[in-house]
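S.K.: Need coordinates for the following:
(2 chains)
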Amino acid sequence: MPTVNLWATDGYVGTPDGKNVYIWGFTDKEGGAAQLPGPAIIVKQQPYLIPTVVTVNLTNKLAEPVSLVFPGQGEVRVNGQPAQPQYQGDKLVSFINHALPGETITYQVTLTGPGTFLYESGTYPHRQVQMGLHGAMIVRPPDYLGLHPEKQTAYGRNTGTEFDREYLLVLGEIDPGLHQSVEHGLPYDTGEFNPRYRTINGKCWNGTVSGDGDGHLPARPYGSMIMMEPGEKVLLRCAGAGFESHPLHPHGNHARVVGLDGKLLQNCGISGTTDLSFKRFTILTGPGQTCDLIYTWTGPGYEPDTNPIPTRLPQIRKMALAPTGLTMWSGSPYLGVKGELPGEIESCNQIGEYHFMLNSHGVPGITGQGAFPGGMPAMIAVYPAGTLEPHHGMLPTESHTP
Amino acid sequence: MGAVIQNLWAKKGRIKFPGGAALPFWGFASSANGKPQIPGPLIKARAGDLVTINLYNHLKKNISLLFPGQQFIPRPVKENGVFVSYNTPAAPGDCTSYSFTAARPGVFLYESGTSPEEQVSMGLYGALVIYPRGYDDLLSPDYHTAYCGNTGTGFDVEKVLILGELDSRLNMAADTGSRFNMPDYNPDHLVINGRSYPHTLLPDNYGLLSSQPVGSGLGIIPGQRVLLRIINAGLQNHTFRLLGITARVVAVDGWPLKADENSLNATYLKNTITVAPGESYDLIFTVNGQGQYFLHHRDFNHPGKGNRFPGGMATRLTATLFESAGVPAAPLDLSCALINRKGVKLSWKNSSTGEEGFVIERKITGEDNIELLAILDNPGRQEYTDSTVLPGISYSYRICAYNSAGASKHSNICRIDTNNIEQGPEKLTCTTMYGKRADLAWSGSNARGSGYAIERRADNSEDFQTIAEVGPNTTFYRDLSVVNNTIYTYRVKAVFPAGAACHSNECVTVPKAAPLSAPDQLRSVYVTDKSVFLVWDHDSSDENKFHIERKTGAGPYIEIDVVANSQTWYTDKDVQKNGTYYYRVRTHSKSEGFSDYSYELLVNTP
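M.R.: Okay, here's the model as predicted:
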């Protein structure tokens, strides 16, 4: 059975406008700094009827109690006893058993099946969840087999959830004022919540286009740069860790919602199974909720050699990402071809791939400190067929040793 | 087909919230002499019934009712070409009647259709539950179902949770007849069935909450099928989580997601749902283990009054193997005593089993109002200390035990007067200088006593601890045992050889270290076309590090390196011929964060 070791501690994250924001968060490295979001816990469900229990050891390096809740999972035990809300005097402190400062607590979490879930602090969550004490948990189906065409699935073979690549997008917000209050020990008024930064995997635009483990954002190791090839099925695991709903939208494309809150949208009855998955072009992930969607880019009428990417080209000047004159545009509507660009524009395009946005349609969600662009846009890059490594964009099968 | 007649009297009243807050509100009473309540009386009917609602308006404004989801055609009213009501209103002092056939099962709202932004916010709403015809007929396939026998909605336990929110300023304004600017709406009380946590845990018809008669606590047996009917009567979206429970969504807005045996089964599993204003969700779940489960608002940025966790919109489900033995027995032998430094200590003998907790009520002799002082969430308690007493007052206390079946009778009343409590020290102030210390000063002479006790509570603890005692002629104390960046609350109390004393006011302070100074005198002492050697001055302590940043031409500053505390120099070897570079340095410590930057240094390489 898998064992996960987490430490709750503090740290800093930078923002695109040059601030350093104090955070609390989890790390899976002893002595490490807090990361945002917490380490993704990726585990595999045992075959049918065999209970799967994940052991999570939480060591609290902060100065107040910290706990973990696992919404959507089954029974949680602490020291062999069912976990229970914790009271101090006549006040509720935690939704579940907590670790006092310096202590370690062991949770034994019984899984309920494959899916994408959240884990977050259950102690003073109005403060601790905003400070960064949250993360995602992915449960793989028992028959999961990476790179196998039928067994690389979100919910198991024959559930219609096969995918070629997968990306985890933990959505959240940062109110730097509240973080500053915690850092300096000032009163924390969550009713004044005013999130100036909306984040994907803890990052704002344009950190959102960095890949996994990008060295210059050490506290935020998870990338949100979505790379794919035409016709591939891309699984986007969206997890709403913040306080707001975020309407994500792969520009000009539709996605199939296959699971909500880590549960497959499918019912089994005597007469067979009913597929309840549905298509949307704007997918709302509510706070504390998750959404699994599968997305394929085809481009109407797109043919690699004869018919270019069907997009109306904007003025070349408008393609620049920043005043610095950088663009992601390849200079050619054909995948895999790099064309001429005016001299003063520098292309960051690698091999003629096609970039477009995956962004929040909540308008404040695509600003940072009120300025556009910022916050929640990320990018999808469609690479020419056969140019991406098969494992590119794949999360590990299991994150922690069984 | 049957007939359901419900009389509703719209009246004004007062509702209570934890911490002693009370608000005026408008609500519906179910009798002419009854108190108005929030939410309004739950109206129950069966599909096919003729529902008649007689509305008696005892308010000073026109009031009407709407029945969203029913086959009912409202008659909008215009005055001078402007809509004034969505439906025929009852004028003040008047009565009007509405009737419709309850066409289909489900959980629905009824609410005011006249100035609804004001009147619904004030509390003029309630729920209407329509059951299948055979839901109480043991032989019917519809027995104990929400939406008939073939919809997968069979249940053992049913509970309606009406979500809502109130903005105190709106209630105050509406009560006095003044206008509230709706764009300023920012609710400070979040409620389930009209109550905020922990009042939500108290049973139905709890005496002191006479206008909020419906509790939200749930007591069930593991394995029972629970039908939770969540409906949002508020003006905002509410995200509601069943912690530790995954439920099946079986109906939305009164439409079952599996309409009959041949239709698509579109039910799905969820643990957290976002409920829009006016929307309803029917959830079915079972829990397997014994214990407590919190059902709570996941919108942690809206915790309600006081911005304290847990917030207003929370309640609890308790699963126990044995069916509740009913209402617990009353606690016995309540006694109260003044105790030094703490206030009034209550002790009692617990004579019940199966209680979820206790409620402490307090009354000041000579006043009418009984105060709901505290709700103790845990069973088995035998004592409680009230540390909020003032000197020279006569208090009466009584307590009861509660569980989801109801509240026990009250214990005996115990009275105590606090004449023997001395006036506490006054005008306590606390100030902090930079460095690890806090300075306290107060006034008051303690000629009869032996001195003062200094009590302190840190950020993360609930209880005050005595940290020092000083002599009777002292009115100053310097606390050197503090940790920087922690919130400390202090209070001081006079100490007497015998007897008790009151506390001073509380004061709050946060000791801080001196801010880090920026590195000074940044200069380049050696510049070649391959390297730049920088030096700066700083009085650094051991834990600091220096962060060196550089920009090239008009570009942004980029951090190029971090060096240890003792190193007040740096060699940048990554430079080119004829380059223009700007440098700046700042220092960082784990406890204090970053300092300001040094000034900017321009270096041109040869």
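S.K.: how about the helices in the stretch 51-200 of chain B?
M.R.: If DSSP state H, counting those that start in this stretch is used as the criterion, the helices of the stretch 51-200 of chain B fall at B:116-122, B:168-175.
S.K.: Of all the ones you listed, which one comes closest to chain A?
M.R.: Chain A sits nearest to helix B:168-175 of all the helices of the stretch 51-200 of chain B, at 12.6 Å, using Cβ to the nearest Cβ. In this view, the C-beta of every residue, glycine as well, is placed from N, C-alpha and C.
S.K.: pretty sure B:W255 contacts B:G106?
M.R.: Yes - here B:W255 reaches B:G106: they are 7.2 Å apart, a contact under Cβ atoms under 8 Å.
S.K.: For the two, indicate the residue with more neighbours.
M.R.: Here B:W255 and B:G106 are compared on neighbour count by other Cβ atoms under 10 Å in any protein chain shown; more neighbours surround B:G106, at 25 against 15.
S.K.: mind checking pLDDT for that one?
M.R.: As predicted, B:G106 sits at a pLDDT of 97.
S.K.: cool, B:I231 as well?
M.R.: Residue-level pLDDT assigned to B:I231 equals 98.
S.K.: burial measure for it, as a count.
M.R.: 26.
S.K.: which residue ranges form the strands in the stretch 201-350 of chain B?
M.R.: For the stretch 201-350 of chain B, the strands identified by DSSP state E, counting those that start in this stretch occupy B:218-220, B:226-232, B:238-242, B:247-252, B:255-256, B:268-270, B:272-275, B:280-285, B:291-297, B:314-319, B:332-339, B:343-349, in order along the chain.
S.K.: mean confidence score for the longest one?
M.R.: To tie it back to what came earlier, the one meant is strand B:332-339. pLDDT averaged over strand B:332-339 equals 86, rounded to a whole number.
S.K.: And the pLDDT for the residue positioned nearest the centre of chain A?
M.R.: Centre of chain A computed as the mean C-alpha position; nearest residue by Cα atoms, centre = their mean is A:L169, 2.0 Å away. The score at A:L169 is 95. That number is its pLDDT.
S.K.: my guess is it contacts A:I200, does it?
M.R.: Yes - with contact defined as Cβ under 8 Å, A:L169 counts as touching A:I200 (5.3 Å).
S.K.: Any chance you could list residues touching both of the two?
M.R.: With contacts defined as Cβ atoms under 8 Å, 6 or more residues apart in numbering or on different chains, the residues adjacent to both A:L169 and A:I200 are A:S224, A:A378.
S.K.: Near chain A, which residues of the stretch 351-500 of chain B are found?
M.R.: With the criterion set to Cβ under 8 Å from any Cβ of the partner chain, the stretch 351-500 of chain B comes near chain A through B:374-378, B:384, B:459-460, B:462-463, B:485-487.
S.K.: Give the closest residue to A:N359 in space, chain neighbours not counted.
M.R.: A:P377 (3.8 Å; Cβ to Cβ, 6 or more residues apart in numbering or on different chains).
S.K.: who touches the residue in the stretch 1-150 of chain B positioned nearest to chain A in this structure?
M.R.: Of all residues in the stretch 1-150 of chain B, B:P18 sits closest to chain A, with a separation of 10.5 Å (Cβ to the nearest Cβ). Contact partners of B:P18, counting by Cβ under 8 Å, 6+ apart, are B:S196, B:Y197, B:P198, B:H199, B:K305, B:L372, B:I375.
S.K.: what about the last one, how many neighbours?
M.R.: Just to be clear, that refers to B:I375. Look at B:I375: counted by other Cβ under 10 Å, it has 20 neighbours.
S.K.: Give me the ChimeraX select line for the residues of the stretch 351-500 of chain B next to chain A, limited to the buried ones.
M.R.: Applying 16 or more other Cβ atoms under 10 Å in any protein chain shown to these, the buried members can be selected in ChimeraX as follows:
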select /B:374,375,376,377,384,485,487
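S.K.: From the residues of the stretch 351-500 of chain B next to chain A, which shows the smallest pLDDT?
M.R.: Looking at those by pLDDT, the weakest one is B:N460, with 62.
S.K.: Sort out which residues of stretch A:84-96 are buried, please.
M.R.: By neighbour count on 16+ other Cβ under 10 Å, the buried set for stretch A:84-96 is A:Q84, A:P85, A:Q86, A:D90, A:K91, A:L92, A:V93, A:S94, A:F95, A:I96.
S.K.: and chain B, which of those residues reach it?
M.R.: Intersecting the buried residues of stretch A:84-96 with the contacts of chain B gives A:Q84, A:P85, A:D90, A:K91, A:L92, A:F95 (criterion: Cβ under 8 Å from any Cβ).
S.K.: returning to that earlier point: so among the contacts of B:P18, where is pLDDT lowest?
M.R.: In terms of pLDDT, the weakest of the contacts of B:P18 is B:K305, which scores 66.
S.K.: What are the neighbouring residues in contact with A:Y144?
M.R.: Contacts for A:Y144 were tallied using Cβ under 8 Å, 6+ apart; they are A:K44, A:P114, A:K151, A:Q152, A:T153, A:G156, A:T397.
S.K.: Let's have the helices of the stretch 51-200 of chain B in JSON lines, adding mean neighbour count and mean pLDDT.
M.R.: Putting those into JSON lines (neighbours: other Cβ atoms under 10 Å in any protein chain shown; pLDDT from 0 to 100) gives the following:
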{"stretch": "helix B:116-122", "mean neighbour count": "21", "mean pLDDT": "95"}
{"stretch": "helix B:168-175", "mean neighbour count": "18", "mean pLDDT": "94"}
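S.K.: Cheers, nothing more for now.
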